[in-house]
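**Q** next come a sequence and a model predicted from it.
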2 protein chains.
Amino acid sequence: MAAVALYSYDQLYQFTYKVFKSMGCSNEHANTASVGLIAADLRGIDSHGVARLSGYIRLWEANRINATPDIQIVHQTPSTAVVDGDAGLGLVIAPFAMQVAIEKAKNVGTGWVSVRNTNHFGIAGHHAMMALEHDMIGMAMTNASALVAPTFSIERMLGTNPIAVAIPAKEQPAFVADFATTTAANGKLEILQRKNADTPSGWVQDKEGQPSSDANILKKQGALLPLGSDREHGSHKGYALGSIVDIFSAVLSGASYGPWAPPFPAYVPMPENMPGKGLGHFFGAMRIDAFRPAEEFKEHMDNWIQRFRSAKPAEGFDKVLIPGDPEREAEHKRKSEGIPVVESVAEDLELVAKKFGLII
Amino acid sequence: MAAVALYSYDQLYQFTYKVFKSMGCSNEHANTASVGLIAADLRGIDSHGVARLSGYIRLWEANRINATPDIQIVHQTPSTAVVDGDAGLGLVIAPFAMQVAIEKAKNVGTGWVSVRNTNHFGIAGHHAMMALEHDMIGMAMTNASALVAPTFSIERMLGTNPIAVAIPAKEQPAFVADFATTTAANGKLEILQRKNADTPSGWVQDKEGQPSSDANILKKQGALLPLGSDREHGSHKGYALGSIVDIFSAVLSGASYGPWAPPFPAYVPMPENMPGKGLGHFFGAMRIDAFRPAEEFKEHMDNWIQRFRSAKPAEGFDKVLIPGDPEREAEHKRKSEGIPVVESVAEDLELVAKKFGLII
């Protein structure tokens, strides 16, 4: 086991808030970005939280992130909008756009917002969950740097392009699905890299398209595989899902799509001939009572959740999980016990602190 | 190879039209249902076309399908509606509901329709594609009889719950994804059964939850597996997708959900204590120009499609496919050369013809 440092939520929040302030963000943006970033650490998605903070800073230093963006609705109808994020932090632009979707849903039943000229937005589920307190279903998705080869291909054409859907219940906790449209997310590879371990079969392929179990294969021109792993196991479905996310997020909004999506690592040059501006996101909000009374729906969701939770488990397993269970349990535990941060990330945060003259 | 009979599109259309008329459908409904049913045969999804005709008749004979439904919008907002299908043919109710979604999109940018009290609707893609001629993105999904075990479970809780998304392009053919949220659709098992062949690993499990390659395992209390096959390969994502389809289609509308979805085979008793009415569907239509000018979007879709089609193929493969390519090629071929129908299905159609005093 790698050494682990333990931080409280407040400690990480105060630190990232000050970092974003040091980049030039307004108080409001620094707060929104910090809450969004640390939501990942809190919910156990360690790859998307403070582990990425130095990556955001490098993008800002490379002038690829604008710390004082003028985020604008550039086109709209009663149920839709396109938002231009002015190259700001996705962590700030995403909640803005999700709020637009929620307001539209209040007015006409649903709201759908496609976003261009944005950057990495942290975990999709955090944004989708904004809808829950309004008795709405929330959706969030984003395109990302191309690391995934379509079925039958050896070329990286899509990002891990996650989809999140949050659905409210009454007494039961909400249903919150949040998943990359690949067999395994990139963060899973990073965990194996730290352990010097191989990947299971079906996660990655090498640069010739041959099966591989090398957790470092992405550094050797290999690729992640779409959900389904290979054609026989439905990888064309994962490829289709990732494509839908790319098109809704980037082609609808005027962002850069497919292999032209801007890379997250600041040292990777921007693609040539980009067909749009920055990354793209897509958000949706559907008011429950635009379909049936919210109380009635939520009682049925309780019934749905309880029935699925009580499905007969296979031998060796305790129970069937509902999407969102593991993240909610992590959040509960980490809120009270603190957030574990692996040594390499803790060292990275120390460097960030030093850069801005802060203490963590 | 099983013996195959060849029928022209018109031959199958005229026959199914007369069959639906014999069940008591109006001219309009018989036409809509026939076009929808044979769209499956035309597009190469043989499991969902005339192969199911006798199944629909048995449901009608069991009073589970109403041939003269009074299909009604029971609740609506500017961008949403709930439709009650009055236990009619899904093949008729789905185009009605999709048209409602399209009209709402014309008015406020998008339209979203959840449907209860309906039955099997044929192939999802056929309904989603209705949006294309309006320069809209179309979506269609449905829940179905429970055959799929959630991750970690041995109980069948979900149907194969397909998702279809149709996206228009300009010179290029439309992007049309249409897939079951399982590793393999039930129709794939039926093909293997006819060949007395085993399934690949990861498609099904036996009643104890152990891996199986028995194509007949569903008759022995086994289950289909969610897209991803097992936890290590992302089956929790396929389980989440199938659940989202179930909730959007049935919990939002007031249909019967999860393990209570009404079974397709008429000999299977209806579940006890059903929490809603019939099957459920969900449809969406998004007007392209509610986001950006339609011509501009379609030019970028052409670029997207051409770029993906030219992605470097892996050794042994000619080219990368775009979702919808195989079905469009089947449609082109079958329109000119005729529709092949395997012997067992042709015999089944002869029995249907005899029942109603028709000739095929």
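**A** Happy to help now that I have it. The model shown is predicted, which means the values in this text are computed figures rather than measured ones. Numbering: from 1, shown residues only, chains lettered A, B, ... in the order given.

**Q** how about the secondary structure of residue A:24?
**A** Here residue A:24 takes the coil state, with states given by DSSP: H, G, I helix; E, B strand; the rest coil.

**Q** and the nearest residue to it once chain neighbours are set aside, how many residues sit next to it?
**A** Excluding the flanking residues, the one nearest residue A:24 by CB to CB, 6 or more residues apart in numbering or on different chains is residue A:67, at 3.8 Å. (Each C-beta comes from the backbone N, C-alpha and C, glycine too.) Close neighbours of residue A:67, defined as other CB atoms under 10 Å in any protein chain shown, add up to 20.

**Q** and the one 10 residues further on, by the same measure?
**A** Residues near residue A:77, counting by other CB under 10 Å, number 19.

**Q** ramachandran angles for it?
**A** When read as degrees, to the nearest 10, the backbone of residue A:77 gives phi -130, psi 180.

**Q** which residues touch the closest residue to it other than its chain neighbours?
**A** Spatial nearest neighbour of residue A:77, excluding adjacent residues (CB to CB, 6+ apart): residue B:109 at 3.4 Å. By CB atoms under 8 Å, 6 or more residues apart in numbering or on different chains, the contact list for residue B:109 reads A:77, A:78, A:79, A:80, A:112, B:79, B:286, B:287, B:290.

**Q** in these, find the pair that's most separated.
**A** A:78 and B:286 (12.9 Å; CB to CB).

**Q** and those two? Which one has more around it.
**A** residue B:286 (25 against 18).

**Q** what's the weakest-modelled helix or strand in chain A?
**A** Between all helices and strands in chain A, the lowest mean by mean pLDDT, DSSP states H and E belongs to helix A:186-195, at a mean of 88.

**Q** per-domain residue ranges of chain A.
**A** A:4-183+A:225-293+A:326-356, A:184-224 (automatic domain parsing).

**Q** among those, which is the most enclosed?
**A** Ranked by average neighbour count under the criterion mean count of other CB atoms under 10 Å in any protein chain shown, the domains of chain A are headed by domain A:4-183+A:225-293+A:326-356 at a mean of 22.

**Q** quick one: residue A:141 is in a strand?
**A** Yes. According to three-state DSSP, residue A:141 belongs to a strand.

**Q** help me confirm that it comes into contact with residue A:245.
**A** Yes. Using CB atoms under 8 Å, residue A:141 is in contact with residue A:245, at 4.6 Å.

**Q** any common contacting residues for these two?
**A** With CB under 8 Å, 6+ apart, residue A:141 and residue A:245 have common neighbours A:161, A:162, A:163, A:282.

**Q** look up phi and psi at the second one.
**A** Recorded main-chain torsions at residue A:162 are phi -80, psi 160, according to degrees, to the nearest 10.

**Q** OK, contacts around it?
**A** A:123, A:124, A:141, A:142, A:144, A:178, A:179, A:180, A:181, A:185, A:245.

**Q** could you do residue A:324 as well?
**A** Residues in contact with residue A:324 (CB under 8 Å, 6+ apart) are A:125, A:166, A:173, A:174, A:175, A:176, A:177, A:178.

**Q** swap the cut-off to 7 Å and go again
**A** A:173, A:174, A:175, A:176, A:177 (CB atoms under 7 Å, 6 or more residues apart in numbering or on different chains).

**Q** what's the farthest-apart pair in those residues?
**A** Largest separation among the contacts of residue A:324 by CB to CB: A:173 and A:177, giving 13.0 Å.

**Q** the longest helix seen in chain A - contacts with which helices or strands?
**A** Ordering each helix of chain A by length in residues (DSSP state H) puts helix A:90-108 first. In terms of contacts (3 or more CB pairs under 7 Å, 6 or more residues apart in numbering or on different chains; DSSP states H and E), helix A:90-108 is packed against helix A:27-42, strand A:80-84, strand A:110-118, helix A:124-128, strand A:136-142, strand A:279-287.

**Q** just send these back as TSV, with distance to residue A:201 and mean pLDDT too.
**A** Shown next, in TSV, are those (distance: least, CB to CB, whole Å; pLDDT from 0 to 100):
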stretch	distance to residue A:201	mean pLDDT
helix A:27-42	28	98
strand A:80-84	41	99
strand A:110-118	35	99
helix A:124-128	27	98
strand A:136-142	28	99
strand A:279-287	31	99
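
**Q** format the ones you listed as CSV; extra columns: distance to residue B:103.
**A** Formatted as CSV, the helices and strands packed on helix A:90-108 follow (distance: least, CB to CB, whole Å):
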stretch, distance to residue B:103
helix A:27-42, 37
strand A:80-84, 16
strand A:110-118, 15
helix A:124-128, 28
strand A:136-142, 22
strand A:279-287, 18
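
**Q** contact partners for the residue lying closest to residue A:31 once chain neighbours are set aside?
**A** Using CB to CB, 6+ apart and skipping residues adjacent in sequence, the residue nearest residue A:31 is residue A:17, 6.4 Å away. Residues in contact with residue A:17 (CB under 7 Å, 6+ apart) are A:30, A:31, A:34.

**Q** I'd like the distance between the spatially closest residue to residue A:69 that is not a sequence neighbour and residue A:278.
**A** Excluding its sequence neighbours, the residue lying closest to residue A:69 (CB to CB, 6+ apart) is residue A:88, at 2.9 Å. Note on residue A:88: its distance to residue A:278, by CB to CB, to the nearest Å, is 9 Å.

**Q** distance-wise, check the nearest residue to residue A:72 once chain neighbours are set aside relative to residue A:112.
**A** Spatial nearest neighbour of residue A:72, excluding adjacent residues (CB to CB, 6+ apart): residue A:84 at 5.2 Å. Per CB to CB, residue A:84 is found 16 Å from residue A:112.

**Q** which SSE is residue A:350 in?
**A** Element membership for residue A:350, per DSSP states H and E: helix A:343-356.

**Q** try residue A:270
**A** Going by DSSP H and E, residue A:270 is not part of any helix or strand.

**Q** who's in contact with it?
**A** Contact partners of residue A:270, counting by CB under 7 Å, 6+ apart, are residue A:262.

**Q** residue A:289 now?
**A** residue A:135.

**Q** phi, psi of it?
**A** The phi/psi pair for residue A:289 (degrees, to the nearest 10) reads phi -80, psi 10.

**Q** repeat for the one 5 residues further on
**A** Backbone torsions for residue A:294, taken as degrees, to the nearest 10, come to phi -60, psi -40.
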